[in-house]
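Peer 1: One predicted model, sequence on top.
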Amino acid sequence: METATTGLTFRDATDADVDTLVALIESAYRGDASRAGWTTEADILEGQRTDPEGVLEVVKSPDNRLLTVERDGTVVACCQLEHRGEYAYFGMFAVSPTLQGGGLGKAVIAEAERQARETWGVREMHMTVISVREDLIAWYERRGYRRTGEMSPFPYGDERFGIPQRPDLQFELLVKPLV
């Protein structure tokens, strides 16, 4: 029986992956394509989620890894891991909308945590999530992340991060021990 984790290959992204990864990230969060999955932000943000320059910056940065997940030669998910001293930052997480809800995201985040712990010896994983995304925060809580109540502002006016459709957007820090 094939499961969500059957046949997955995890590798670091290269320059050649940038356009594919931008398309994946956009499809998971923005526009009508994102509505096929449950992680869509289409109702709270329009415009882009990322761009080739932003993805390439992560690929090239020595303190970052852009973990790329393939099945049968097709990119199906990705996430950013950034080494920040005592902890790693988890971001740019995307799962193909048509594959969401089947356990692929759980497998990706578990592998990301394992790699951050083994590669850098970090004891915590941090991430920021738009605070109004209650369903997404609940999903992370089921994976062991806890809400800190620590908020940071959404970059209103910087269209590289999207065009907000409401005035109350902010990021909440979520933290998980990796010991």
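Peer 2: Noted; the coordinates are in hand. Keep in mind it's a predicted model, so treat the numbers as computed, not measured.
Peer 1: Strands along this protein, start to end?
Peer 2: 8-12, 45-46, 64-71, 74-84, 87-95, 124-130, 146-153, 163-164, 170-177 (DSSP state E).
Peer 1: of all those, which lies closest to residue 140?
Peer 2: Evaluated with Cβ to Cβ, the strands of the chain place strand 170-177 nearest to residue 140, the distance being 5.5 Å. Using the backbone N, CA and C atoms, a C-beta is placed for each residue, glycine as well.
Peer 1: The closest one: how far from the chain's middle?
Peer 2: Relative to its chain's centre, strand 170-177 lies at 13 Å (Cα atoms, centre = their mean, to the nearest Å).
Peer 1: Give the rounded mean pLDDT of it.
Peer 2: Averaged across strand 170-177, the pLDDT comes to 97.
Peer 1: what angle sits between it and strand 146-153?
Peer 2: Counting by axes from the mean of the first three to the mean of the last three Cα atoms, to 10 degrees, strand 170-177 points 150 degrees away from the direction of strand 146-153.
Peer 1: Could you check the angle strand 170-177 makes with strand 124-130?
Peer 2: Strand 170-177 runs at 160 degrees relative to strand 124-130, counting by the same axes, to 10 degrees.
Peer 1: what does strand 170-177 contact?
Peer 2: Under the contact criterion Cβ atoms under 8 Å, 6 or more residues apart in numbering, strand 170-177 has outside partners 87, 113, 123-131, 137, 140-141, 143-154.
Peer 1: List the buried residues for that strand?
Peer 2: Within strand 170-177, the residues scored as buried using 16 or more other Cβ atoms under 10 Å are 171, 172, 173, 174, 176.
Peer 1: picking up where we left off before, of all the strands of the chain, which one comes closest to residue 38?
Peer 2: Closest to residue 38 of the strands of the chain is strand 87-95 (Cβ to Cβ; 9.9 Å).
Peer 1: The closest one pairs with which strands, parallel or anti?
Peer 2: When pairs are called by DSSP bridges, strand 87-95 turns out to pair with strand 74-84 (antiparallel), strand 124-130 (parallel).
Peer 1: For those strands, please prepare JSON lines with the additional fields mean neighbour count and mean pLDDT.
Peer 2: What follows is those, written out as JSON lines (neighbours: other Cβ atoms under 10 Å; pLDDT from 0 to 100):
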{"stretch": "strand 74-84", "mean neighbour count": "20", "mean pLDDT": "97"}
{"stretch": "strand 124-130", "mean neighbour count": "19", "mean pLDDT": "96"}
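Peer 1: mind putting these in a markdown table, distance to residue 160 included?
Peer 2: Shown next, in a markdown table, are the strands paired with strand 87-95 (distance: least, Cβ to Cβ, whole Å):
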| stretch | distance to residue 160 |
| --- | --- |
| strand 74-84 | 15 |
| strand 124-130 | 15 |
